[in-house]
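[1] Predicted model follows, preceded by the sequence.
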Amino acid sequence: MSTLLLPSINSFPTFPCKFKCPNDTVSVVVRASAVSAPEKRTRRKRRQTKGDDDSSSPSSSAAEKSLRFTFMEELMGRARNRDANGVSDVIYDMVAAGLTPGPRSFHGLIVAHALNGDTEAAMQSLRRELSSGLRPLHETFIALIRLFGSKGRATRGLEILAAMEKLHYDIRRAWLLLVEELVRTCHLEDANKVFLKGARRWAQSY
């Protein structure tokens, strides 16, 4: 997964406007979680003796965290080995164990597809994550930008930038990365179009 790590870019200005693509096929829905009113509880000291036989949330939460960590170790190992089917199996095992897959689980699945160069499977996994009401990680979008840039898919890369901006992510690094990948793979005309599109957005703020 070292190929997915990027150097930081600190000196580029922000874009004030929406980075929209006319062919935006990525549907992003950001849902606010419902928060119920907290129950009134009497205050009591939180000290507990070591031998307390308490099966309430702290102990069960620790067990759940341990189980989730074990699954995630296995999942990310398979993602690094480009084993997308193996990652899917781990996700199904998590569900069977009563755990809900989160953004990092889908990140591993999308990375596995990206390392295999499978653009369609990567997009299907992203849509599946979004339909689950989850917010994809910034690193997940970066992996997709690398994938589409390396394949010369400039339009699809712009769709990913638009989806990132809808989720209020900073798209500067992803935009520059898309341009770099297009140049690296000799899609110079597309790289120029993407660069100018972003540059115009920046110029409009001045």
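    Nice, thanks for sending it over. Keep in mind the model is a prediction, meaning the values are calculated, not measured. Numbering: from 1, shown residues only.
[2] phi, psi of residue 185?
    Torsion angles at residue 185 (phi, psi; degrees, to the nearest 10) stand at phi -100, psi 20.
[3] Distance of it relative to residue 174?
    17 Å (C-beta to C-beta, to the nearest Å). Heads up, the C-betas are built off the backbone N, CA and C, glycines and all.
[4] Name the residues that touch the helix or strand harbouring residue 145?
    If you go by DSSP states H and E, residue 145 is part of helix 138-150. Outside helix 138-150, the residues that touch it by C-beta atoms under 8 Å, 6 or more residues apart in numbering are 3-4, 6, 103, 106-107, 110-111, 114, 117, 119, 122-123, 126, 129, 154, 156-157, 160-161, 163-164, 169, 173-174, 177-182, 184-185.
[5] For residue 108, pull up the helix or strand it's in.
    Residue 108 belongs to helix 103-115, assigned by DSSP H and E.
[6] Any buried residues in that helix, and which?
    For helix 103-115, a neighbour-count test (16 or more other C-beta atoms under 10 Å) marks 103-115 as buried.
[7] same question, stretch 157-171
    157-166, 169, 171.
[8] again, but for stretch 124-136
    125-126, 129-130, 134-136.
[9] of all those residues, which two lie farthest apart?
    Across those, the longest distance by C-beta to C-beta is 14.6 Å; it joins 125 and 135.
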